[in-house]
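Participant: okay, sequence plus prediction incoming.
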2 protein chains.
Amino acid sequence: MDRAVAEALDRDDPLASFRERFPIDDAGPIYMDGNSLGRTSYAVREALDAGVRDWQEQLVSGWSDWIELPAQVGDRLGLLIGAGPGQVLVCDSTTVNLYKLVDAALSARPGRMVIVGDANDFPTDRYVLAGLAAARGYELRLIGSNPITGLDLAELAGALDERTALVSLSHVNYRSAARLDLDAVTDLAHRHGALMLWDLSHSAGAVHVALDAAGADLAVGCSYKYLNAGPGAPGYLYVRKALADELRQPIWGWFGHQDQFEMGTAYQPAVGVGRFLTGTPPILGLHAVSAGVELLLEAGLDRLWAKSQALTAMLADLIEARLAPLGARLVSPGNPGRRGAHVAIAHPQAWAWCSALIDGRLVVADFRTPDAIRLGPAPLYTRFVDGYEAIERMEAVLTSGLTANPGDRPRVT
Amino acid sequence: MDRAVAEALDRDDPLASFRERFPIDDAGPIYMDGNSLGRTSYAVREALDAGVRDWQEQLVSGWSDWIELPAQVGDRLGLLIGAGPGQVLVCDSTTVNLYKLVDAALSARPGRMVIVGDANDFPTDRYVLAGLAAARGYELRLIGSNPITGLDLAELAGALDERTALVSLSHVNYRSAARLDLDAVTDLAHRHGALMLWDLSHSAGAVHVALDAAGADLAVGCSYKYLNAGPGAPGYLYVRKALADELRQPIWGWFGHQDQFEMGTAYQPAVGVGRFLTGTPPILGLHAVSAGVELLLEAGLDRLWAKSQALTAMLADLIEARLAPLGARLVSPGNPGRRGAHVAIAHPQAWAWCSALIDGRLVVADFRTPDAIRLGPAPLYTRFVDGYEAIERMEAVLTSGLTANPGDRPRVT
């Protein structure tokens, strides 16, 4: 394929106009890191402005409007992940949400003393599991023999038994983009009597997710990647409706109380998912998440996922054709049915390559230790021609030779 | 005293010009709720604007600037609470920070199975203690026979023994404004071998606090009251330097890891207070806290505390002279040496009174169940004449009679 093909794909792209919803400098480097930190949309910028004005004008009386935001924005966000109303809250960070859900899940399966996770999962996911396993005397089984293709169903089945309390996995791997089958894995966990928790950080907003349909029990995710809510914007959590009232949330704060303003003596958890709130929710962050979610809903999840698949398919083809002859290789699943919304490319000098791309203001990608570069084309604002041009620039850098020692690794997330 | 005295106090106020740093509509109601939600300063508004532009321009590469913000803003905030560098982080919510510190404290005092707290403390403080006590098999002793004057040292001493792991108290009571002696109480806890944790939510930014000098072990607080960082802005935590490396933080996230970007197999907590970070920190919220803190530092904590004491002394006098004859009474300590930065007023129809003040756009105060109104004059932007006028309007409403049933209670925080 050549540039003309990419241009034709852009002409036919039903989402092409959404790029105009973001301030983008076409003379700048090509941003292929929307899977790490999404761009700033005009909508989010305006929502933050309006949120500050609202605070200024309403002051404390604003709480009558704000207090339901975690649940209201959660319900809207739920539309992106196949979750009906009353099951999603936007609150805290992904890590804190994961902690709350894992701790609650363990208490809900007494006598079962094993947690199953993915050895190749994102660090925070593994660490939260390890911390709770150590504190509560659980065995943590981290499996995953192939970091590129991701967990195999047979491998997972071999790790599950009647001692498994919880299976906690990322839907899409942060590094390889390996995508698990949400339905089949959830079903497998349930057949062994375990609860199933999904981290959707690398899926929501780009990849098809249907939590209710899968019968998933619990989920968490972040809002600063494909949801474009800004660095460190609040995370979210999902608790299956029928399960919520059985769960004990470990962090008892006043926002999780059934009757918060009674300020009574005893803690009485709210009915439903509301018990998973903790302290005062971050109102400006919630406005940003809201605006980010609404923009995605306007684009439509089916169109986002279709475009994302077309973008990564094009990148995979170009990597094979243009970069493989120069010593790079795709380390994401070759099968699009097993891939999320980004691709990873391994190269022995990946760090020098990534540095040259960033320092030369050619492509913003990110390095993942020890030898991979990730390209995350956000379907809302990345053009096909951006993907094409990124590969051309990556090829040119490899062809012209890499510096042996490009200095410190970048501290990107 | 009359209005002329208040006007004279304003003329002599060295902080008078700080009111101009906030957009304030003099025709609006008198805002006496800075102890619940602080006003929006121009500085915070600009910091948020700049933060959004910074995100837009830097995108993911901004993390090289942002990653140290929790500690950098923490060090600056430390100047408001008498904490030397390397001991304060701005992160998560107050509730989540309290949970992390309490859990860590319990693990650091093995064999001691009692937590001592204040039965009259803010709900989230009591709930977090109750939740952890229940989960970990601790006895929670909530003491405090007099909600108005606050904990008595003798009463506290009677509750402490060699089984006490942790004493967790608010420096200033959220309702009565009763202020504990930070030094004496910390010393008492230490004499029994317990760790001492302070909630500074109702002190920091208005009341003199010197954590290092008191030898306090742990502290938390919020940034949306006197720090003016906006609704639900991030909380903060303090861990005494010599103690940090002994503590096990329960929520293991990637930001608390010693070498975050190695993304290694095992969790290795950061050296020092850094291990108390969890997930990705909220960058816009950190910019807001930073601007809020800098404005207070510019004003000077000694001047803020002096003005705060003068404001509450004036209010206490006026309550006695003008409202007591109408059935209201001060339910804050009469002794200024035992009072924080706000005052509470009880009245049998407090809710109807508070509603009339708010609905009539006369005074924004807040109601605290069952029978109190709080007035929180923030020394940074509240004039003496505001306090005087607030009491006049409160008097006028009482004199003209209250509605029996003013409808639902307001959902203010």
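Facilitator: It's in. Residues are numbered from 1 along each chain as shown, chains lettered A, B, ... in the order given.

Participant: hang on, isn't residue A:297 packed against residue A:80?
Facilitator: Yes: between residue A:297 and residue A:80 there is a contact under C-beta atoms under 8 Å: 7.0 Å. (Each C-beta comes from the backbone N, C-alpha and C, glycine too.)

Participant: all strands for the stretch 201-350 of chain A, in order.
Facilitator: Taking DSSP state E, counting those that start in this stretch as the criterion, the stretch 201-350 of chain A carries its strands at A:218-221, A:236-239, A:329-330, A:343-346.

Participant: which of the ones you listed sits closest to residue A:360?
Facilitator: strand A:343-346 (17.2 Å; C-beta to C-beta).

Participant: tell me which of residue A:297 and residue A:80 has more neighbours.
Facilitator: More neighbours surround residue A:80 than the other of residue A:297 and residue A:80, with 26 against 15 (other C-beta atoms under 10 Å in any protein chain shown).

Participant: can you pull the contacts of that one?
Facilitator: Residues near residue A:80 by C-beta atoms under 8 Å, 6 or more residues apart in numbering or on different chains: A:204, A:205, A:209, A:227, A:293, A:296, A:297, A:301.

Participant: do that again at 6 Å, thanks
Facilitator: For residue A:80, the contact set (C-beta atoms under 6 Å, 6 or more residues apart in numbering or on different chains) comprises A:204, A:205, A:296, A:301.

Participant: let me see the contact set for the nearest residue to residue A:280 once chain neighbours are set aside.
Facilitator: Excluding its sequence neighbours, the residue lying closest to residue A:280 (C-beta to C-beta, 6 or more residues apart in numbering or on different chains) is residue B:232, at 4.7 Å. Residues near residue B:232 by C-beta under 6 Å, 6+ apart: A:280, A:281, A:282, A:283.

Participant: which one (most neighbours) among these?
Facilitator: Most surrounded of the contacts of residue B:232: other C-beta under 10 Å gives residue A:282, at 30 neighbours.

Participant: ok, that one - contacts?
Facilitator: Applying C-beta under 6 Å, 6+ apart to residue A:282 gives the contacts A:234, B:232.

Participant: if you set the cut-off to 10 Å instead, what comes out?
Facilitator: A:69-70, A:90-93, A:232-234, A:288-289, B:92-93, B:224, B:230-234, B:282, B:284-285 (C-beta atoms under 10 Å, 6 or more residues apart in numbering or on different chains).

Participant: list the strands paired with the lowest-mean-pLDDT helix or strand in chain A, with their directions.
Facilitator: Least confident helix or strand of chain A, by mean pLDDT, DSSP states H and E, is strand A:366-368 with a mean of 90. Using DSSP bridges, strand A:366-368 pairs in its sheet with strand A:372-375 (antiparallel).

Participant: from residue A:224, how far off is the residue nearest to residue A:83 when sequence neighbours are not counted?
Facilitator: Leaving aside its chain neighbours, residue A:83 sits nearest to residue A:211 (4.9 Å; criterion: C-beta to C-beta, 6+ apart). Applying C-beta to C-beta, to the nearest Å, the value for residue A:211 to residue A:224 is 20 Å.

Participant: with residue A:387 instead?
Facilitator: With C-beta to C-beta as the criterion, residue A:387 and residue A:224 are 22 Å apart.

Participant: more crowded one of these two?
Facilitator: Legend: neighbour count by other C-beta under 10 Å for residue A:387 and residue A:224, higher for residue A:224 (28 against 23).

Participant: OK, contacts around the more buried one?
Facilitator: Residue A:224 sits in contact with A:36-38, A:94, A:201, A:230-235, A:285, A:288-289, A:292, A:413, B:55, B:60, B:280, B:282-283, where contact means C-beta under 10 Å, 6+ apart.

Participant: try it again with 7 Å
Facilitator: The neighbourhood of residue A:224, defined by C-beta atoms under 7 Å, 6 or more residues apart in numbering or on different chains, consists of A:37, A:38, A:230, A:231, A:232, A:233, B:280.

Participant: so which residues on the stretch 101-250 of chain A come close to chain B?
Facilitator: Proximity of the stretch 101-250 of chain A to chain B, by C-beta under 7 Å from any C-beta of the partner chain, involves residues A:123-124, A:127-128, A:130-131, A:135, A:224, A:230-233, A:235, A:250.

Participant: could you redo the last one with a cut-off of 6 Å?
Facilitator: For the stretch 101-250 of chain A, the contact set with chain B under C-beta under 6 Å from any C-beta of the partner chain comprises A:123, A:124, A:127, A:128, A:130, A:131, A:230, A:231, A:232.

Participant: show the pLDDT at residue A:232.
Facilitator: Per-residue pLDDT puts residue A:232 at 97.

Participant: identify the bridge partners of the closest residue to residue A:101 other than its chain neighbours.
Facilitator: Excluding the flanking residues, the one nearest residue A:101 by C-beta to C-beta, 6+ apart is residue A:218, at 4.6 Å. Beta bridges link residue A:218 to residue A:197, residue A:239, judged by DSSP bridges.

Participant: how much space separates residue A:218 from residue A:97?
Facilitator: In terms of C-beta to C-beta, residue A:218 sits 10 Å off from residue A:97.

Participant: about what we covered before: need the pLDDT of the residue nearest to residue A:101.
Facilitator: Residue A:218 is assigned a predicted lDDT (pLDDT) of 98.

Participant: can you tell me the number of residues neighbouring residue A:143?
Facilitator: Neighbour number of residue A:143 under other C-beta under 10 Å is 17.

Participant: what's the local residue count around the nearest residue to it once chain neighbours are set aside?
Facilitator: Once flanking residues are discounted, residue A:143 sits nearest to residue A:159: 4.9 Å by C-beta to C-beta, 6+ apart. Residues near residue A:159, counting by other C-beta under 10 Å, number 17.

Participant: swap in residue A:308?
Facilitator: There are 26 residues near residue A:308, going by other C-beta under 10 Å.

Participant: that'll do, ta.
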